[in-house]
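In: my questions are about this predicted structure, shown below with the sequence.
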Amino acid sequence: MKVSEIKDILKATLLSGEGQLDRKIISGGAADRMEEILSGVAEGSVLLTGLTTIDVIRTAKISGVGAVVIVRGKKPPEEVVTLAKSYDLPLLLTSYTLFASVGRLYMNGLRSYDGSW
């Protein structure tokens, strides 16, 4: 699935990574604790989270996350968007809840980073 498809499915706003809409995302995961991201999210995955801190972007970069989606319409501080732009990391914002966002992506064929169906 491409970042552009995730954007459409989640009716999301793209905050950074304009040149990465064709990036292929191989799987997805959801977490609000950085330890879960570091220990579980697979490289090239989309990370869905309710967090809007700069640590999310730093952790995504370290983990090789392909895109980050912030849920519940929570707007990140400008420093978060600026850091995502510096990494050319797609950062999206959706008004859907975490549960609904994961469900919509799953129903459209995106699978968990652990390969489960």
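Out: In hand now; what should we look at?

In: least trustworthy helix or strand in this protein by mean pLDDT?
Out: Scoring the helices and strands of the chain by mean pLDDT, DSSP states H and E places helix 34-40 at the bottom, with a mean of 65.

In: sheet partners, orientation included, of whichever helix or strand comes after it?
Out: Tracing the chain past helix 34-40, the next element assigned as helix or strand by DSSP states H and E is strand 45-49. Looking at strand 45-49 with DSSP bridges, its partner strands are strand 27-30 (parallel), strand 67-70 (parallel).

In: and whichever helix or strand comes after the last one, what does it pack onto?
Out: This points to strand 67-70. Downstream of strand 67-70, the next assigned helix or strand under DSSP H and E is helix 78-87. Counting contacts by 3 or more C-beta pairs under 8 Å, 6 or more residues apart in numbering; DSSP states H and E, helix 78-87 packs against strand 13-16, helix 54-63, strand 91-93. Yep, even glycine has a C-beta here, placed from its N, CA and C like the rest.
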